[in-house]
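**Student:** just coords:
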């Protein structure tokens, strides 16, 4: 079977997909904070976008390398390029679900459905891409899932702690919130 070159696949498919996912995550954060009447500034949104994009790229790259190193334990082929291709391909439903979940605050289950379908695609791709025996596919897919999303989550937390000072509301918003709650609860 012929597989695409990693660098061509990344720039033609993986990077645009991750940009879509990062834009979706940024929009989800915006919608979540708007629904709570919290002011969100453009630099905070840009920070969410950049941190998400870096987290997704790190997740695919480091996740593919780690999955490749774990392959021997599951009787699979150790091929870093194919593992990274598999990670990029498996991320597709989750990345597409990000902007769809941003449509409204009640659409968050779409991101979870995309996440579960990502695990399914990862499991289905292990056999053809890394020649994983059928008896090890489920375990390897679950381990791969935790590796991918562990890296994405930890990198998102670390990078957002460094670059985004949280979504701290402005002092005016805090003051108006305190005044409104005092009026309601007094």
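**Tutor:** Looks like it came in fine. On a predicted model such as this, the values are computed, not experimentally measured, just so you know.
**Student:** Name the surrounding residues that touch stretch 66-78.
**Tutor:** 79-80, 82-84, 86-87, 126, 130-133, 136, 139-140, 143-144, 147-148, 151 (C-beta atoms under 8 Å, 6 or more residues apart in numbering). Any C-beta I mention is one placed from the backbone N, CA and C, and that applies to glycine too.
**Student:** end to end, how far does it reach?
**Tutor:** Separation of the first and last residues of stretch 66-78 by C-alpha to C-alpha, to the nearest Å is 10 Å.
**Student:** Over to stretch 85-101?
**Tutor:** Taking C-alpha to C-alpha, the first and last residues of stretch 85-101 lie 25 Å apart.
**Student:** any idea how far that stretch is from the chain center?
**Tutor:** 8 Å (C-alpha atoms, centre = their mean, to the nearest Å).
**Student:** Kindly report the same for stretch 19-37.
**Tutor:** Remark: stretch 19-37 is offset 13 Å from the chain centroid, using C-alpha atoms, centre = their mean.
**Student:** same check, this time on stretch 124-139
**Tutor:** The answer for stretch 124-139 is 23 Å, by C-alpha atoms, centre = their mean.
**Student:** Check which residues of it are buried.
**Tutor:** Buried positions in stretch 124-139, judged by neighbour count with 16 or more other C-beta atoms under 10 Å: 125, 126, 129, 130, 132, 136, 137.
**Student:** before we move on, what about stretch 149-165?
**Tutor:** Neighbour-count burial for stretch 149-165, counted by 16+ other C-beta under 10 Å, picks out 149, 151, 152, 155, 156, 159, 160, 164.
**Student:** Between those, which sits nearest residue 17?
**Tutor:** residue 152 (13.7 Å; C-beta to C-beta).
**Student:** Does the closest residue in space to that closest one that isn't next to it in sequence lie in a helix or a strand, and which?
**Tutor:** In this structure, residue 152 finds its nearest non-sequential neighbour in residue 59, 3.9 Å apart by C-beta to C-beta, 6 or more residues apart in numbering. Using DSSP states H and E, residue 59 maps to helix 42-70.
**Student:** Give me the next element, helix or strand, following that helix.
**Tutor:** helix 80-90.
**Student:** on contacts alone, who are the packing partners of that following helix?
**Tutor:** Using 3 or more C-beta pairs under 8 Å, 6 or more residues apart in numbering; DSSP states H and E, the elements in contact with helix 80-90 are helix 6-9, helix 42-70, helix 109-130, helix 134-163.
**Student:** And the ones you listed, which one averages the lowest pLDDT?
**Tutor:** Lowest mean pLDDT within the helices and strands packed on helix 80-90: helix 6-9, at a mean of 85.
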